Every structure is written in C-alpha cells, then in structure tokens.
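> What follows is a predicted structure for the sequence shown.
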Amino acid sequence: MTKHYGNRLGFAVLLAFFRDRGRFPRTAGEINPSVVEELARQLAVAAPPGFAPILAGRTAERHRAEIHALTGFREASVADAALLEGWLRGQVAAVGAVSDQLAALLRTRCRELPIEPPTVDRIDRIVRTAIHAHDDQFCTGILGRLAPAAQERLEGLPRSRPKPSRRGR
C-alpha cells in the first residue's frame, strides 16, 4: 500500500501472476482480465479498460526486484542453467526424450529451488543439451562394454552414409 495508486494495481497483478505461475508474464495477453478486476476491487482502485501492467522499463524492473525479495526467488544465472541441465540429464532416463515433459520438470525444479525459470528459448536449449548429453553418455557406456575387437570394427565403419541419388526419376 506504500506504492502510488497508479502502480499498486500493476504491482499486484505481477505479484499474483508470479505467485500462481512462478514467473512473470511475457506479454499482457497472458494476464486474465478477471484477475485484474478482482485485484482492483480488493485494492479499491479503478482498473482502466484494457489495463495491462508495465512489463518493461525501470518500474517493471523495480517491481520484479521487489517481488523477488518478497518471495525469495531470484533470476536464473548461467551457473543455474548448467546446474539445471545436469539435473535434467538424469531425468531423461526416467521420462525419455520428450521435450515437453522435460521442460515441465525443469519449470517445477526451478520453483523448488526458488529460481525464476529461464525464457522459453533458454529452456528449450537446456532440454536439448540434456537429451544430447544423456544420449552421448548412454552410447559411450555401451561402447565401453564391447570387446576391444568390436570397438575397432565399429571405429572402422563410415561416419555418415551418402545420400541416395535421385537420378532416374
């Protein structure tokens, strides 16, 4: 309530969204208008038609920082991404290489660690990296179990197959 009445509703909308989803909205279209109306009623402020909180700029950055401080969450760092990728690599064996399920697990893990989830593109890269690392580790493990003679024969095979010719069509 210490905020200027013009910023109260925007802050409340961001806080409610973050509380429900563990992240901030990326676009104003993600915000449910009925939630805005209910928050405006609770705060006793008028919600302008088509109200959307400020999602960029200094005010938005300050609001996000205050919400992080209130909730104990923080933004994901590069080190966090590496930690999450390592954790997710272990989940690939249990879930399989299903990107959507792995991304959902990653977002859940972020909430458990009070880390704001990375962007959708960054999550996709982390998931792809975890799948690729798991596959490499799996194949290396299989190769290590083969007899040395079998390993040598495999190494002698061509690395890629030539594409079939489309002549005669």
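Nice, I can see it.

> what comes up buried for the lengthiest helix in the chain?
The residue-count maximum for a helix in the chain (DSSP state H) belongs to helix 120-145. For helix 120-145, burial by neighbour count (16 or more other C-beta atoms under 10 Å) applies to 123, 126-127, 129-131, 134. Heads up, the C-betas are built off the backbone N, CA and C, glycines and all.

> which other helices and strands contact that helix?
Helix 120-145 sits against helix 78-95, helix 99-112, with contacts defined as 3 or more C-beta pairs under 8 Å, 6 or more residues apart in numbering; DSSP states H and E.

> and if we set it to 10 Å?
Of the remaining helices and strands, those touching helix 120-145 by 3 or more C-beta pairs under 10 Å, 6 or more residues apart in numbering; DSSP states H and E are helix 78-95, helix 99-112, helix 148-156.

> which stretch among those helices comes nearest I54?
Among these, helix 99-112 comes nearest to I54, with 24.0 Å by C-beta to C-beta.

> and that closest one, how far from the chain's centre?
On the basis of C-alpha atoms, centre = their mean, to the nearest Å, helix 99-112 sits 7 Å off its chain's mean C-alpha point.

> Show me what that helix is in contact with.
By C-beta atoms under 10 Å, 6 or more residues apart in numbering, the residues outside helix 99-112 that reach it are 21-23, 73, 76, 80, 83-85, 87-89, 91-92, 94-96, 98, 115-118, 120, 122-124, 126-128, 130-131.

> What's the mean pLDDT across that helix?
Throughout helix 99-112, pLDDT has a mean value of 90.

> Can you pull the domain assignment for this structure?
5-72, 75-152 (automatic domain parsing).

> Would you single out the least confident of those domains?
When those are compared by mean pLDDT, domain 5-72 comes last with a mean of 85.

> From R111, how far off is R122?
Separation of R122 from R111 (C-beta to C-beta, to the nearest Å): 16 Å.

> how about R128, what does it touch?
Residues in contact with R128 (C-beta under 10 Å, 6+ apart) are 85, 97, 99, 102.

> So which of those wins on neighbours?
Among the contacts of R128, L102 has the most neighbours (other C-beta atoms under 10 Å), with 23 neighbours.

> just to revisit the earlier point, from the middle of its chain, how far away would the longest helix of the chain be?
17 Å.

> Likewise for stretch 10-20?
Offset of stretch 10-20 from its chain centre (C-alpha atoms, centre = their mean): 18 Å.

> Buried residues in it, which are they?
Quick answer for stretch 10-20 (16+ other C-beta under 10 Å): 10-18.
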